[in-house]
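> pasting the structure only:
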């Protein structure tokens with residue numbers, strides 16, 4: 001049974017490394033697709049201006 005423990009530990013290490021790599025890929029993809037705040041709020045001043053014109 002002592003032979004199983006290192007193999008299990010190694011398997012857990014591999015799974016942990018795979019999870020870390022997958023997490024990093026997701027974060028990289030999210031960062032690439034992220035819309036900067038400046039672009040999402042660009043139209044706000046225009047809408048406020050139009051509301052004032054009514």
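That came in fine, so what should we check first? Since we're looking at a predicted model, the values are computed, not measured.
> Can you name the next helix or strand after the longest helix seen in the chain?
Secondary structure of the chain per DSSP state H: the longest helix is helix 4-33. Along the chain past helix 4-33, the next helix or strand (assigned with DSSP states H and E) turns out to be helix 37-40.
> for that next one, packing partners?
For helix 37-40, not one helix or strand is in contact under the criterion 3 or more CB pairs under 8 Å, 6 or more residues apart in numbering; DSSP states H and E. Backbone N, C-alpha and C define where each C-beta goes, glycine included.
> quick one: average confidence on that helix?
For helix 37-40, mean pLDDT rounds to 70.
> Could you do stretch 15-30 as well?
Averaging pLDDT along stretch 15-30 yields 95.
> and residue 38, how many neighbours does it have?
When neighbours are defined as other CB atoms under 10 Å, residue 38 has 7 of them.
> What distance do you get for it to residue 32?
Between residue 38 and residue 32 the distance is 17 Å, computed by CB to CB, to the nearest Å.
> Ok, residue 17 next?
Using CB to CB, residue 17 is found at 23 Å from residue 32.
> just residue 13 next, same as before
Using CB to CB, residue 13 is found at 29 Å from residue 32.
> more neighbours, those two?
Per other CB under 10 Å, whichever of residue 13 and residue 32 has more neighbours is residue 13, with 10 against 7.
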